[in-house]
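Undergrad: sequence first, then the predicted structure, then my questions.
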Amino acid sequence: MPITDKLHVAPSPHVRGTVSTARLMWTVVATLAPAAAWSVYLFGLPALTVIVATVACCAAGEALCQLAMKKPISLKDGSAVLTGLILALTLPPGLPLWICAIGSVVAVIVAKGVFGGLGQNLFNPAMTGRVFLLIAFPGPLTRWLVPRGTGDTLFGHPVTAYDATGKMVEVSANNVDVITGATPLGLLTEKGTAAVAALSDQSAVFFGQVNGSLGETSALLLLLGGLVLLWRRVITWHIPVSFLGTVALFAAITNAIDSTAFAGAPFHLFTGGVMIGAWFMATDYVTSPMHATGKLIFGAGCGILTMAIRLWAGYPEGVSFAVLLMNATVPLLDNYFRPKKFGFQRLTRQEG
Amino acid sequence: MKAVTFSGGIHPSYNKDLSSAVTTRPLDPPEEIVIPLSQHIGAPARTCVEKGDEVLIGQPVGDAGGFVSSVIHSSVSGKVKGVEPRAGAVGTEVNSVVIENDGQDRTVDFSGLGDDWRSAETSELKDRIQQAGLVGMGGAAFPTHVKLSPPDDKPIDAVILNGAECEPYLTADHRLMLEHPADVITGLSIVMKILGASQGFVGVEVNKPDALEALREASADSGITVVPLQVKYPQGAEKQLIDACLKRQVPSGGLPMDVGVVVQNVGTAAAITDAVVRGRPLYERILTVTGAGVAEPANLVVRMGTPVAHAIDACGGVRGELGKLVLGGPMMGFAQYTDQVPVTKGTSGILLLEKSAVDTREPDPCIRCGRCARACPMRIIPADIAAFSARQMYERAEEYDALDCIECGSCAFGCPSRIGLVQHIRLAKAAIMAQRRKGN
Amino acid sequence: MRFASCTAQNNRDSDDACAASLHHLLKGQLMNILLIVILAMLTENFVLMKFLGICPFLGVSRRVSTALGMSMAVLFVMLVASVITYAVQRYLLTPLDLQYLQTIAFILVIAATVQLTEMAIQKLSPTLYQGLGIYLPLITTNCAVLGLAILNIQREYSLFEVIFYAAGAALGFGIALLLLAGLREKMETASVPQAFKGPAIALITAGILSLAFQGFSGLVPVN
Amino acid sequence: MTPVILPVIVLSGLGLVMAALLAVARKVFYVEVDERLEKLVDILPGANCGGCGFPGCSGYAAALVGGSAKPTICPPGGADLAEEIGSILGVEVEEVVPQVALVACAGNPQSAPERSTYIGISTCEAAHLTAGGFKSCTFGCLGLGSCAVACPFDAIVMTDNHLAVVIPELCNGCGNCVAACPRKIIKLVPAAEPVHVLCINPQKAKLVKAVCSVGCTGCKLCAKQSKRFAMTGALAQVDPTVPGEIPSHAPYACPQGTIFDSRRYKVLDWITMPACREEHEILTAEWKKAEKERKAAAKAKKAQKAKDVAREGVR
């Protein structure tokens, strides 16, 4: 029986694996979901609105870019949603929605769209958005809601509050719009280790009963999410291990030198954005090195820069700056630390 | 013995159980046979018959067109209908001898050496292999006698037979090792004698335990080692096989003989036994007809020059809507535009894929996930080379060792963005080689 | 010069004290130098934090190799020009009360240094000379070099500090240039929309790089 | 000292010191530069098309100064530039025949259908290497536009019916497209040549007809109309070395309609507009009719003459 239909011709290979870009992206989204849900539980509606607004704005921004460039709309691949979710998790709950929108625009349009979209960007879009907001709107970006269940005082310090115009006011039952308090890292920067001594003994930091950005709260859930990514082979171990390892080492050494000025390793590991940064931001494929050696250096660089900024620079938290700075080194790392190719070394022949 | 392997590689779905249990059976040749004069790497053969000539099975119809070339024999008895261009396996037309089969299967006299091969001169052994038109039967079809004539400054101490059959779907080598283990081992012994090699290995992936067992029995007391290999693609790639068996890495740009090794396919080894011991030239081979697009997958002994359509019909014909027809395995085989292409010495399988299994989507952009680089058995960076190739930056591609690519397809297999990495690299290689030729 | 007094005394009793103070002095000096270098390199990065020398920053950041050459040239020019301008200011302009000639005198010195560098590069590495093109002579009017010379005077740095501040500034320039060059090389294989190709996307990249460098603000206090 | 003189002295002194320094440096780092090089770079077109075979215009200039390149090989510059280069270098220049590229295939999907569905990278080279290309004719234009990408002058149009067409007015004859075409369909022809055979398939009539309805079958009918049509095997081509003009009816002699005449149609119209071919067919029919009548008349005349001769013989 002769074949009448036109056959397909294509170069080999003629079979493919089942991994797809969309599946990878949605897996990451799924592993971040528990941490996001936890933040909604802690902070309530203000957290939910930030997440929804940021994700929606990122998706819209991406679609807009693709329309403008006459490319097919590819929201299904989940990359814009992931960018939105990560950006949301780096923002404080209750952030005005218009600021969320500006951050989203910077993330998906300035940091990604104008570079040509998915895979072409040089800097982590979410980190670019976050750093831009932090520099442009330092006030709103460092105003933290107090999580559920910690009352009117936080770690023994009185809670300050702001009225609708942003002026600091005394807390009383009538005039509170938003109740806020400093983050553990903010306390450390302002008041030293004594202020957080009580905190670092408590498991609250680890389990996430602290205030901060949406995704800075529960180190446990983020760690679990990261381990799932590792288990599903979405990411490799190199970047998280070298990032967290460097932070721990740096903290341990400085703490050993002067424990009154510097907090210990667990505190630095479980507070702020280190967990989410190491597992979810620094491991972004597009903006991290491809090969093992480069990844180790990249992770270590993130760790060192994070700690340097935390301990000495003007900002209490340095993860987003560190990731962004290390993003810039990726082309050089990729170029100079390529894997040793097969047959590179001529082995001596066995006699016989 | 613990199963050995190389670094990198992938684990595709093998789908070998479609045909691995089917005993080989001979396929009656069709009424018309089309024997291409170029079935091998190197110069095409020169035709030595004319229209109207009567030919017998085993009679040469083409003489070697040079040292790196091969003799081609008739696979049926009958009358030559003509010498004309016909569809070949790479899409272009190839000068072919068309023979009308008289159905009587008359053969020339086959006179082999029998067991006397052990005392024969190596030059006679090599001559018999050359005259039998032997080429590598794993797919590349490199003339065997050339491989068995290394220069004097490259002494060979080890011969490895490749029975990995790491390509998904294919079971031809599996059946051959299971049904004719003694031929395989004898062939290896002949090659070792010709090359003066002291060590002989047969590498077989552990997903073929029955073949491993059969070979172990056949090789008892022969000093030949049967090496179990881990199941991983491309375990059967020459350089990776040597790395796994002997822990020797063929240098970049080099050949196996640079590390004192010659690799032959198990099919070639059995054919060597046929040629030397029984005096039979290479005019038929075992191949697998398989895939979801064929009704009854099977392993067939097929005469060279049989159109693949004839072999497919013998397996119950096409099932469902046919999307792709591939000669060889799914990882490195060639897609065909017609089922009239003939089976040649290098055809190890006919794979039929359904239309629904053909992915026609456009590739997504590269997200630099690095899966290709981790899968690459040569440890080059397919994503970077492909990106350079797509922008005609061939010098950068060369700097990134595009020429080391063995085109195994591991990178493209695992690419989440479905990028045609192998094709990009192949284009870069072609451009680099063209540039080099221009430079010289 | 402070060390000289210490050894000149050559008094056995004060030897130990002298060694201790020397040690202390060295430690303080080392820390001071380290801080100055980090200040010039990161916190006050000339390109990304002070926005000086943008012209060569965008002009020669297409290739990592040329960027490296440019960094070396700038390092040389900055070091030499800093030292000479320091001397001109201290021993010529200030004693003669001619501080108002600072700008013109400094540019004269810088121009000559750049010319010298240009000639040397043309002789020693014609490929680099081709790669740098017009941007090499443009270091002359590079505000980074002039800015550095003037900052040195304004901050009343000692000669020792001038040298390290210049080295730090040049290193910072080099780091920024190399990072941008790496990024731009990578962008050659990216599908940047036609409208943004070339300097446009380079400026956006430099902008984001500058955002990232903001993280270093406050790392070292300015004097 | 007045307040004006001191600064003048100081600045002049400083300047002198620096000048002295530079003077010494100039001696130490002296590099010889050929002035002709700069002049050449200035007059070259600067398109960096590579048509000369050197890396860009500056590479060509360097080769010219080095004496390893002829002044006539810059296609965009043409004869005028060659003369200028000659005057700078002080050498005699031979005449340049301006050339343009020609895509010698008119087999659109109707006349030369696709034989398979190609999946893969969208360049001609890639498609050509995959199972010999998706087009029935393995000598036909694949229409994926690799030549258009290679053209530095935007002189190649990719038509809606999957063919490439060179616009002669825009073409500078640099030959980049010739190198880019994996099937060697594009060739350089003298710009003044009006008639072309739009096919490169060298196969015999049976094989050509099986894959394309507008391909050259090697019937040699065109060669009967003009000596300028030369046969290479079973393929007719216009021979640029043979002098003379091709008669305007020559295209009508081709039974496949493979011959194109730019004196009647623009090449883009010929490829894209079916109306041109329709008109061509009508004209062909008219010409054939006229030819038949002419032949019949000639035959009749001849017969008459023969009769006359016979009659005279009888007389």
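TA: Sure thing, it's come through.
Undergrad: tell me the contacts of the residue nearest to residue B:423 when sequence neighbours are not counted?
TA: Excluding the flanking residues, the one nearest residue B:423 by Cβ to Cβ, 6 or more residues apart in numbering or on different chains is residue A:11, at 4.2 Å. C-betas here are computed from N, CA, C, even on glycine. By Cβ atoms under 8 Å, 6 or more residues apart in numbering or on different chains, residue A:11 lies in contact with B:335, B:420, B:422-423, B:426, D:120, D:126, D:129-130.
Undergrad: and residue A:2, what pLDDT?
TA: Looking at residue A:2, its pLDDT is 49.
Undergrad: how about the stretch 101-250 of chain A: which residue is closest to chain D?
TA: Across the stretch 101-250 of chain A, the shortest distance to chain D (Cβ to the nearest Cβ) belongs to residue A:119, at 16.9 Å.
Undergrad: count the neighbours of the nearest residue to that residue once chain neighbours are set aside for me.
TA: Once flanking residues are discounted, residue A:119 sits nearest to residue B:365: 3.7 Å by Cβ to Cβ, 6+ apart. Residues contacting residue B:365 under the criterion other Cβ atoms under 10 Å in any protein chain shown number 20.
Undergrad: so residue B:365 is in which element?
TA: Remark: residue B:365 resides in no helix or strand, with elements defined by DSSP states H and E.
Undergrad: show the model's pLDDT score for it.
TA: 92.
Undergrad: surely it and residue B:417 touch.
TA: Yes. Here residue B:365 lies in contact with residue B:417, judged by Cβ atoms under 8 Å, at a distance of 6.3 Å.
Undergrad: what sits in contact with each of these two?
TA: Taking Cβ under 8 Å, 6+ apart as the contact rule, residue B:365 and residue B:417 both touch residue A:119.
Undergrad: quick one: name the residues of chain C near chain B.
TA: Taking Cβ under 8 Å from any Cβ of the partner chain as the contact definition, chain C meets chain B at C:188-189, C:191.
Undergrad: how much space separates the residue nearest to residue B:423 from residue B:15?
TA: 21 Å (Cβ to Cβ, to the nearest Å).
Undergrad: what parts of the stretch 51-200 of chain D come near chain C?
TA: Proximity of the stretch 51-200 of chain D to chain C, by Cβ under 8 Å from any Cβ, involves no residues.
Undergrad: near chain B, which residues of the stretch 51-200 of chain D? Just list them.
TA: D:115-117, D:119-121, D:123, D:125-126, D:129-134, D:138.
Undergrad: closest to residue B:288 out of these?
TA: Closest approach between these and residue B:288, by Cβ to Cβ: residue D:131, at 20.6 Å.
Undergrad: first-to-last residue distance for stretch B:261-269?
TA: End-to-end distance of stretch B:261-269 (Cα to Cα, to the nearest Å): 15 Å.
Undergrad: do the same with stretch C:186-204
TA: Stretch C:186-204 end-to-end distance (Cα to Cα) = 15 Å.
Undergrad: where exactly do the strands run in chain D?
TA: For chain D, the strands defined by DSSP state E occupy D:99-103, D:116-118, D:156-158, D:164-166, D:186-190, D:195-197, D:229-232, D:235-238, D:259-261.
Undergrad: is it possible to export those to JSON lines including distance to residue C:71?
TA: Putting these into JSON lines (distance: least, Cβ to Cβ, whole Å) gives the following:
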{"stretch": "strand D:99-103", "distance to residue C:71": "45"}
{"stretch": "strand D:116-118", "distance to residue C:71": "48"}
{"stretch": "strand D:156-158", "distance to residue C:71": "43"}
{"stretch": "strand D:164-166", "distance to residue C:71": "46"}
{"stretch": "strand D:186-190", "distance to residue C:71": "46"}
{"stretch": "strand D:195-197", "distance to residue C:71": "56"}
{"stretch": "strand D:229-232", "distance to residue C:71": "60"}
{"stretch": "strand D:235-238", "distance to residue C:71": "58"}
{"stretch": "strand D:259-261", "distance to residue C:71": "59"}
